[in-house]
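Q: Just a sequence and a predicted model for now, questions to come.
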Amino acid sequence: MGLACLGALYVLLALSPVTSKNKARDIVVVVPQQSTATQVGQLLKDHELIHSPFVFVLYARWKNLDGSLKAGEYLLNNGLSTPEILNELVDGRLAAETITIPEGYTLTQVAELLEAKGLADREEFFAVAAREDFPYKFIEERPKGEKRLEGYLFPDTYRVTRGNSVRFLIDDMLKRFDREMEELDYPARAEKAGLTLHEAVTLASLVEREARIDEERPLISGVIHNRMEKSMLLQIDATVQYALGTNKPQIYYKDLEVDSPYNTYKNNGLPPGPIAMPGRASLLAAVEPAETAYLYYVAKHDGSHAFATNYAEHEANKERYQQ
């Protein structure tokens, strides 16, 4: 009787957390594919998450869960008991983190952010984005290539599970963009504005990169629409930056000579595609521009813009705000 009590006490202690809640810490553990319960138990012991691999296996078999452990990267806490840790491994609650794709990010910036977070390899991201098929109507006619998905990975906050494939990550962002298109009835709005969907997204990306204040987005869109109607060069600095592949704080006259279809100082109309990922406000501004006579704008030091209806007024604004 005494031995039985001692045995039960041992098991209870072995199933208990290795440390108290106030001293507990998170520990990342990677469970390889096809790991046995014995191997997982030893892995957990090596990471100081459980007291006994033997009791872990014993308990898993008693619960008939020893064959249900899932592989993957887990964020476990050493303040959890062995039964609680077992449930995490059976339910497959893989390590995840929140990541925000800011509005105005380019495809390159998204790839670099994911790589910096350890969620994707930059070159693999580019390869998948350029070549793989995705089931969304808005990219069906986009030719495969390095810039195919530019503008179409919706900027938002995502809950990303570590170990997800690059394709899964990209598809999640495309799916979010697709939902946005549906919620806004965006193709119909674009058609009403005299634009194809791709043109609307491209114009929205210009607004996204140029505007700093939400209230000015429709005005900037209005200027772009007005200049296109008059067959004027758009002359948008952000397109030159995109063509240069940089985010220079200041554009110089020599930069305006860059030979690229994205250079709106040399090529009429919209660039061949988006130059960044536009958010909802810019998407709406692109298809619902402000009715205005403005043809020019210049940035002020506070991020807002001074608008003008003629070149002389524009030159005066440049003199005033760009000293």
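A: On my side now, so go ahead.
Q: And the contacts of stretch 167-174?
A: Stretch 167-174 is contacted from outside by 101, 110, 114, 119-120, 125, 128-129, 132, 134, 136, 139, 149, 152-154, 156, 158, 160, using C-beta atoms under 8 Å, 6 or more residues apart in numbering. Every residue, glycine included, has its C-beta placed from N, CA and C.
Q: Please repeat the previous calculation with a cut-off of 6 Å.
A: Where contact means C-beta atoms under 6 Å, 6 or more residues apart in numbering, the residues beyond stretch 167-174 that reach it are Ala120, Val128, Ala129, Phe134, Tyr136, Leu153, Phe154.
Q: Identify, from those residues, the entry nearest to Thr19.
A: Ala120 (33.6 Å; C-beta to C-beta).
Q: list the contacts for the closest one?
A: Residues in contact with Ala120 (C-beta under 6 Å, 6+ apart) are Leu114, Val166, Leu169.
Q: So for the closest residue to it other than its chain neighbours, what's the pLDDT?
A: If you skip the residues right next to it in sequence, Ala120 has Leu114 as its closest partner in space, 3.9 Å away by C-beta to C-beta, 6 or more residues apart in numbering. The predicted local confidence for Leu114 comes out at a pLDDT of 94.
Q: ok, Leu114 to Arg162 distance?
A: 11 Å (C-beta to C-beta, to the nearest Å).
Q: With Ala71 instead?
A: Taking C-beta to C-beta as the measure, Ala71 and Arg162 are separated by 12 Å.
Q: Next, Leu233: secondary structure please.
A: coil (DSSP: H, G, I helix; E, B strand; the rest coil).
Q: burial measure for it, as a count.
A: The number of residues packed around Leu233, counting by other C-beta atoms under 10 Å, is 14.
Q: ok so, going back, reduced to three states, what does the residue nearest to Ala120 come out as?
A: helix.
Q: Got the domain ranges for the chain?
A: Partitioning the chain according to automatic domain parsing yields domains covering residues 2-94, 97-183, 206-321.
Q: picking that back up, let me have the contacts of stretch 167-174 in JSON lines, adding pLDDT, secondary structure and distance to Leu184 as columns.
A: Formatted as JSON lines, the entries for the contacts of stretch 167-174 read as follows, by pLDDT from 0 to 100; DSSP: H, G, I helix; E, B strand; the rest coil; distance: C-beta to C-beta, whole Å:
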{"residue": "Ala120", "pLDDT": "90", "secondary structure": "coil", "distance to Leu184": "28"}
{"residue": "Val128", "pLDDT": "96", "secondary structure": "helix", "distance to Leu184": "27"}
{"residue": "Ala129", "pLDDT": "96", "secondary structure": "helix", "distance to Leu184": "24"}
{"residue": "Phe134", "pLDDT": "95", "secondary structure": "coil", "distance to Leu184": "20"}
{"residue": "Tyr136", "pLDDT": "95", "secondary structure": "coil", "distance to Leu184": "15"}
{"residue": "Leu153", "pLDDT": "97", "secondary structure": "coil", "distance to Leu184": "17"}
{"residue": "Phe154", "pLDDT": "97", "secondary structure": "coil", "distance to Leu184": "12"}
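Q: Name the member of those residues with the most neighbours.
A: When neighbours are counted by other C-beta under 10 Å, Ala129 leads those with 26 neighbours.
Q: separation between the closest residue to it other than its chain neighbours and Glu48?
A: On the basis of C-beta to C-beta, 6+ apart, the spatially nearest residue to Ala129 that is not a chain neighbour turns out to be Leu149, at 4.7 Å. In this structure, Leu149 and Glu48 are separated by 43 Å, where distance is defined by C-beta to C-beta.
Q: Just want to know which of these two has more residues nearby.
A: It is Leu149, of Leu149 and Glu48, that has more neighbours when counted by other C-beta under 10 Å, with 27 against 12.
Q: And that one, its phi and psi?
A: For Leu149, the backbone dihedrals are phi -100, psi 0 (criterion: degrees, to the nearest 10).
Q: Great, nothing more from me.
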